[in-house]
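In: Need a 3D model of the sequence below.
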Amino acid sequence: MTTRASDSRIIDVHRHCMMPGALSPRFSSAAKKMLGLLASLHECETYWTVKVKGVTTLLYTEAMDVDRQIAAQDSAGVEQSVLSFSMLLELFSQTLHLPVLEVAKRLNDASAAIVARHPDKLAYLAMVHPFDPRSVRECERCLANGAKGISIGTSWKGHFLDSRRADPLWEFAQDRQTTIFLHPPLIPIGRHRMKTYKLEEIVGRPFDTTMTVTRMIYSGVFDRYPGLKILLPHMGGALPNVLGRLDFGHRLGYEGLPEGQAALCKRRPSEYLRTNLYADTMGFSAAGIRHCLDLFGTDRVLFGTDYPAVPYSPREHVEIVRGMGLPPAGLAQILGGNAAQLFGLSQARPGQTMPAGRSTKSGRDGHPLAGDAA
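Out: Residues are numbered from 1 along each chain as shown. The predicted model follows:
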């Protein structure tokens, strides 16, 4: 017997919340001051127009209103959301002139406090600096305090995650069997060419994800840490569309290139999508989600909305996934089952007990078998 879509809760793995009001008074006032200084161009009831590192971007006021977010979540039928906001960790630390570890602790404690107010509706991921060895201890603290995983930026001060400085975090996550959610920074690498059309958001951030995961694959991160579980946002960035290029580059080899430029991965790059990588559904494209299902497999694609950083109702994302005509078993996996398994969340609705022995079998292409569609 298999899990039906009606059995499983909808779990959103890609949710954000800015939390200056939940921080300690000193830190809260500094964070609010930073936002006030950045909001130098325009402010209205729904958003701030801010300028960061020469790039103009938008921050929506809804991102700071947890009650409003919960109402939107409930209206869309999303029963639990996993909060993270690693995209602002580097910026907060630099602008406030505070140690990264102190900022991370304050943000993580604020996240835990918000979740404590809505324990059935929210969960959170520990936000840390990927290259600071002290981040391992902060992850341990947060996991003991209820965090369901780890969230880090796809780059930090111009460096991607193939850096060996990230090894302590990879080792910890593998040993603890803890999932790491990658998310691009507010202002990605290459921002100097992204000052118009919101390119830093629309193209730059998925590019940051694509570059970092490609470098992780080629540099052998997943060979050194075969148990590492990495969740990618925005349908994996551009990775699904350049995956064939990653494979043929590896197949051609590196003879003739300078020393140190050869890839170190032991398998075809595409193979790591079925062993170490997961992707969310955020991208407003049923075709994009189908592509992810083909490449990652049904058991490795998770529902995500990027709400309220992208201020569209989560309902729109639910309708896109439900409208794809997927078999009920696969739909249940994507909407909540995969997230429940990956982050250790309850798959059943409050008061509901999931029947014992249920599992979802997949064919060789990762999609549910035809017999499981009942």
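In: quick one: contacts of stretch 57-75?
Out: For stretch 57-75, contacts defined as Cβ atoms under 8 Å, 6 or more residues apart in numbering pick out 12, 15-21, 35, 39, 45-51, 79, 81, 114, 117-118, 121-122, 186-187, 198, 200-201, 307-309, 311, 313-315. In short, each C-beta sits where N, CA and C put it, glycine included.
In: Go through that stretch and flag the buried ones.
Out: 57, 59-66, 69-70, 72-73 (16 or more other Cβ atoms under 10 Å).
In: Out of those residues, which sit inside strands?
Out: Thr57, Leu59, Tyr60 (DSSP state E).
In: Kindly state the pLDDT recorded for the residue of the chain positioned farthest from its centre?
Out: The centre of the chain is farthest from one residue, Gly256, which by Cα atoms, centre = their mean lies 37.3 Å away. On pLDDT, Gly256 comes in at 94.
In: likewise Leu91?
Out: 80.
In: Spatially nearest residue to it (excluding sequence neighbours)?
Out: Once flanking residues are discounted, Leu91 sits nearest to Leu186: 5.7 Å by Cβ to Cβ, 6 or more residues apart in numbering.
In: Pro185 too?
Out: Distances taken as Cβ to Cβ, 6+ apart put Gly153 closest to Pro185, at 4.9 Å, once the chain neighbours are dropped.
In: And the residue nearest to Leu91, how close does it get to Glu201?
Out: Here Leu186 is placed at a distance of 9 Å from Glu201 (Cβ to Cβ, to the nearest Å).
In: just Cys292 next, same as before
Out: 20 Å.
In: Just the buried residues of the contacts of stretch 57-75.
Out: The neighbour count (16+ other Cβ under 10 Å) marks 12, 15-20, 35, 47-48, 50, 79, 81, 114, 118, 121-122, 186-187, 200-201, 307-309, 313-315 as buried among the contacts of stretch 57-75.
In: surely the residue nearest to Leu91 meets Leu88?
Out: Yes: under the criterion of Cβ atoms under 8 Å, Leu186 makes contact with Leu88 at 6.0 Å.
In: Give me the spatial nearest neighbour of Ala126, chain neighbours excluded.
Out: The shortest distance from Ala126 to any non-neighbouring residue, by Cβ to Cβ, 6+ apart, is to Cys142 (3.5 Å).
In: Adding distance to Arg106 and pLDDT, write the ones in strands among the buried residues of stretch 57-75 out as a markdown table.
Out: Listed next are those as a markdown table, based on distance: Cβ to Cβ, whole Å; pLDDT from 0 to 100:
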| residue | distance to Arg106 | pLDDT |
| --- | --- | --- |
| Thr57 | 23 | 75 |
| Leu59 | 19 | 76 |
| Tyr60 | 22 | 80 |
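In: Out of the residues you listed, flag the one nearest to Arg164.
Out: Thr57 (31.6 Å; Cβ to Cβ).
In: now the end-to-end length of stretch 233-247.
Out: The straight-line separation of the ends of stretch 233-247 (Cα to Cα, to the nearest Å) is 22 Å.
In: If we ignore the residues flanking it in sequence, what's nearest Ile289?
Out: In space, and not counting its chain neighbours, Ile289 is closest to Thr281: 5.1 Å by Cβ to Cβ, 6+ apart.
In: which residues are in contact with the helix or strand hosting Val13?
Out: When elements are assigned from DSSP states H and E, Val13 belongs to strand 11-15. Residues outside strand 11-15 that contact it (Cβ under 8 Å, 6+ apart) are 69, 73, 78-84, 122, 181, 231, 233, 280, 282, 302-307, 314, 317, 335-336, 339-340, 342-343, 345.
In: State the mean pLDDT of it.
Out: Per-region confidence: strand 11-15 scores 98 on mean pLDDT.
In: Correct me if wrong: Pro308 contacts Thr46.
Out: No: counting by Cβ under 8 Å, Pro308 sits too far from Thr46 to count as a contact (10.6 Å).
In: Would you mark the buried spots in stretch 271-281?
Out: Neighbour-count burial for stretch 271-281 flags Tyr272, Leu273, Asn276, Leu277, Tyr278, Ala279, Asp280, Thr281 (criterion: 16+ other Cβ under 10 Å).
In: before we move on, what about stretch 236-253?
Out: Gly236, Gly237, Ala238, Leu239, Pro240, Leu243, Leu246, His250.
In: Following the chain onward from the lowest-mean-pLDDT helix or strand in the chain, which element is next?
Out: Lowest by mean pLDDT, DSSP states H and E among the helices and strands of the chain is strand 42-43, with a mean of 50. Scanning forward in sequence from strand 42-43 by DSSP H and E, the next helix or strand is strand 47-52.
In: That following strand pairs with which strands?
Out: If you go by DSSP bridges, strand 47-52 pairs up with strand 42-43 (antiparallel), strand 55-60 (antiparallel).
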